[in-house]
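Novice: Turn this into a structure:
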Amino acid sequence: MFGIPGKAAVTLTTPAAKQIARLMAKQGSAGLRIGVKKGGCAGMEYTMDYVAEANPLDEVVEQDGARVLIAPMAQMFLIGTEIDYEVDLLQAGFKFRNPNVAEACGCGESIKFHETPGASPN
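Specialist: Sure, this is the predicted structure:
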């Protein structure tokens, strides 16, 4: 694991935890796996998938009935991230406040991480 002992790799705001718990109940899933993959105009994108069970190498974060599983290859990119769920007049969705992001594209869907020697999400 890449996290700090006793401290979750990511934190969830109350709205995010409630929304994830709702989605888990609706889908009948064991949690929501978060990862990163190559793509988008800035080079990387977050991924979110329902899962039936945790991978033994996943970092598991449980909070207020929500269960987030961080894919092994994404752990180093997500340390320190706060996940929020925001609703406004035009859209609703998860927002990642990630201190490891060097830049994001204008649409907000694609990110670029600070350079880490030997790091590759795939």
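Novice: what mean pLDDT does stretch 102-117 have?
Specialist: Mean pLDDT, computed over stretch 102-117, is 63.
Novice: quick one: which helix or strand includes I20?
Specialist: Using DSSP states H and E, the secondary-structure element containing I20 is helix 14-27.
Novice: Counting neighbours, which bits of stretch 49-69 end up buried?
Specialist: Applying a neighbour-count criterion of 16 or more other C-beta atoms under 10 Å, one finds V51, D58, E59, V61, Q63, A66, R67, V68, L69 buried in stretch 49-69. The C-beta positions use only the backbone N, C-alpha and C, and glycine is treated the same way.
Novice: Report the mean confidence score over that stretch.
Specialist: Model confidence over stretch 49-69, given as mean pLDDT, is 93.
Novice: So what touches that stretch?
Specialist: For stretch 49-69, contacts defined as C-beta atoms under 8 Å, 6 or more residues apart in numbering pick out 1-3, 8-12, 14, 16-21, 23-24, 27, 29-35, 70-72, 75, 83.
Novice: what separates that stretch from the chain centre, distance-wise?
Specialist: The offset between the C-alpha centroid of stretch 49-69 and the centroid of the whole chain comes to 11 Å, using C-alpha atoms, centre = their mean, to the nearest Å.
Novice: got the end-to-end distance for it?
Specialist: 10 Å (C-alpha to C-alpha, to the nearest Å).
Novice: Over to stretch 61-79?
Specialist: Between the opening and closing residues of stretch 61-79 we find a distance of 12 Å, counting by C-alpha to C-alpha.
Novice: Quick one, which of the contacts of stretch 49-69 are buried?
Specialist: Neighbour counting by 16+ other C-beta under 10 Å classes 3, 8-12, 16-17, 19-21, 23-24, 29, 31-35, 70-71, 75, 83 among these as buried.
Novice: bridging residues for the residue most central in space within the chain?
Specialist: Among the residues of the chain, I34 comes closest to the average C-alpha position under C-alpha atoms, centre = their mean, at 4.2 Å. Judged by DSSP bridges, the bridge partners of I34 are M48, I70.
Novice: I'd assumed L78 was in contact with it.
Specialist: Yes. Applying C-beta atoms under 8 Å, one finds I34 in contact with L78, separated by 6.8 Å.
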